[in-house]
Every structure is written in C-alpha cells, then in structure tokens.
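Undergrad: when you get a sec, could you give me coordinates for this:
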Amino acid sequence: MRNTFSPVTKNSVKHKIFAGLGLIIILFTLSTCQSDKRNFKGITDTQVLPLLKHLPYRYGGMNIPAKDGRFLYDLILEHHYKRGLEIGTSNGYSTLWLGLAFKQTGGKVITIEINVNRGREAEKNFKKAGLDNVIDSRINDALAEIPQLKGDFDFVFIDAWEPDYIKYFNMLKDRIVPGGVITAHNVIGYSDSMQDFLIAIKSDKNFDTSVNHASREGISVSYRK
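TA: The predicted structure follows:
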C-alpha cells in the first residue's frame, strides 16, 4: 500500500501537535497569573506578601493553596472575627493568611503544631513576616493543648490529621460564639478519612454548614447559629 503521509506531512502534523501543546501551556500560564493576581489583590504588606507568594519550607511542610488562604483571609475580614484558633500549623503558610487578617481586625490567632521542627520553622516565618505579636504559636498535641485554652473562639481552622477532625469538632463546638465559624480543610480530597466529622457538622442543628470549592481540596464552613 502506498504511504499517503509524506515526510512534509508528518512534520506538519508534529508542528501542529507542538503548537497545540504550546497554546495549552500559554493558556494555563495566563490562567495561573490571573488567579495569582486575584489571590493577592489588595494585599500590600511588604513583609507578609513575599511569603504569601512563595514560602519555602523544610521538614516536609504541607501548605494549603493560596486561593484557600485568600478565602479564609476574606472570611475573617468580612465577619470581623477577633479570636481565632488553627489546628495544624505546618510551616505557617496558612497561619500567615490568618495572622494578616487578624492584624487588620485587631484580633489574635492561636496556632497549634505537633511537629517540633515544623513548629520552629513556622515561628521563624511569623517573626520574618512581622506577625509574631498577632500569632500565638503552640508546639504541642492539639488534643492536649485545646483543653488548656481559656475562653471562646469566633474562628477555627482545622488542617491536621483527618481522622481526628471529629475529636476537634466535639471539643470546640460549644466554645464557638454565635455567628462564629469552624472551617476545615481537605473535606473533598480526604472525605473518606473524615466521614464521621462530615456527618456531624451537617447534622448538628446548632450549625449551618456548606463547602467552599475555591480549590479541589475543599473547605467546610460551619457557622454557629
């Protein structure tokens, strides 16, 4: 059978493939740049902003996406929350978003990290960002630390070992002021590991719960009635 594809035609096909791939890369880059602009729009703090855009870490730190950080930041400002709690600091990236928001509301946030190396790294990042007077860093097991904390909270962010989410919810649900909120990360990506938690927050009559899809990880948002 005669080969109907000449070398020129084959090269033309290759060029079209490469051109298509190039267009996809360009469109993805433009989309990412636009997303970055939205994530950091209006944030002018010259100490914090570089860390929000790029925070290197050691010790295997795991960070939330910037779009999730921006969602939490906006949530705190919108409701003017004053006393926050974060469970799972890692290297402090999410905490920087929270700390910057609480700095603007005149509030403070306590953050708890069980891993000593990651906790120490986070504390250095808080100092570098000029937020160490807003962020109260605790290096301890949150299950042991939370009972030692006094008072109520109007904002909670859970981003730790997923099977323990239900324990944190049960420990804190009666310490959230009316209008306050409990948020939790990875409720889509790791939903199989926290079914008891997801059932609890959706069935508890004292909370109104929805899921934010800013990123594919998902953040549950449970407002205290």
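
Undergrad: just the endpoints, please. Distance across stretch 212-222?
TA: Counting by Cα to Cα, to the nearest Å, you get 11 Å between the two ends of stretch 212-222.

Undergrad: and for stretch 131-146?
TA: 22 Å.

Undergrad: in that stretch, what's buried?
TA: Of the residues in stretch 131-146, 131, 134, 135, 136, 137, 138, 139, 142, 145, 146 count as buried by neighbour count, 16 or more other Cβ atoms under 10 Å. Quick note: C-beta positions are derived from backbone N, CA and C, even for glycine.

Undergrad: which residues touch the second one?
TA: For residue 134, the set of contacting residues under the criterion of Cβ atoms under 8 Å, 6 or more residues apart in numbering consists of 99, 102, 103, 107, 108, 109.

Undergrad: next: the third one.
TA: Going by Cβ under 8 Å, 6+ apart, residue 135 touches 92, 95, 98, 99, 108, 109, 110, 111, 126.

Undergrad: can you tell me how far the spatially closest residue to residue 136 that is not a sequence neighbour is from residue 123?
TA: Spatial nearest neighbour of residue 136, excluding adjacent residues (Cβ to Cβ, 6 or more residues apart in numbering): residue 110 at 4.5 Å. Here residue 110 is placed at a distance of 13 Å from residue 123 (Cβ to Cβ, to the nearest Å).

Undergrad: the buried residues of stretch 131-146: which two are farthest apart?
TA: 131 and 146 (21.9 Å; Cβ to Cβ).

Undergrad: could you measure from the residue nearest the centre of the chain over to residue 224?
TA: Centroid-nearest residue in the chain, with Cα atoms, centre = their mean: residue 64, separated by 3.9 Å. Using Cβ to Cβ, residue 64 is found at 23 Å from residue 224.

Undergrad: can you check residue 85 too?
TA: 14 Å.

Undergrad: with residue 191 instead?
TA: 23 Å.

Undergrad: counting neighbours, go ahead and name the busier of those two.
TA: residue 224 (20 against 15; other Cβ atoms under 10 Å).

Undergrad: do I have it right that the more buried one meets residue 175?
TA: No - the pair residue 224 / residue 175 is not scored as a contact, 9.6 Å apart, by Cβ atoms under 8 Å.

Undergrad: which one of the contacts of residue 135 sits closest to residue 213?
TA: When the contacts of residue 135 are compared against residue 213 (criterion: Cβ to Cβ), the nearest one is residue 98, at 20.1 Å.

Undergrad: count of neighbours near the nearest residue to residue 161 once chain neighbours are set aside?
TA: Spatial nearest neighbour of residue 161, excluding adjacent residues (Cβ to Cβ, 6+ apart): residue 88 at 8.0 Å. Counted with other Cβ under 10 Å, residues neighbouring residue 88 total 24.

Undergrad: shouldn't residue 75 be within a helix?
TA: Yes - membership of residue 75 in a helix is supported by DSSP: H, G, I helix; E, B strand; the rest coil.

Undergrad: so who does it touch?
TA: With Cβ under 8 Å, 6+ apart, residue 75 has these contacts: 81, 155, 181, 183, 221.
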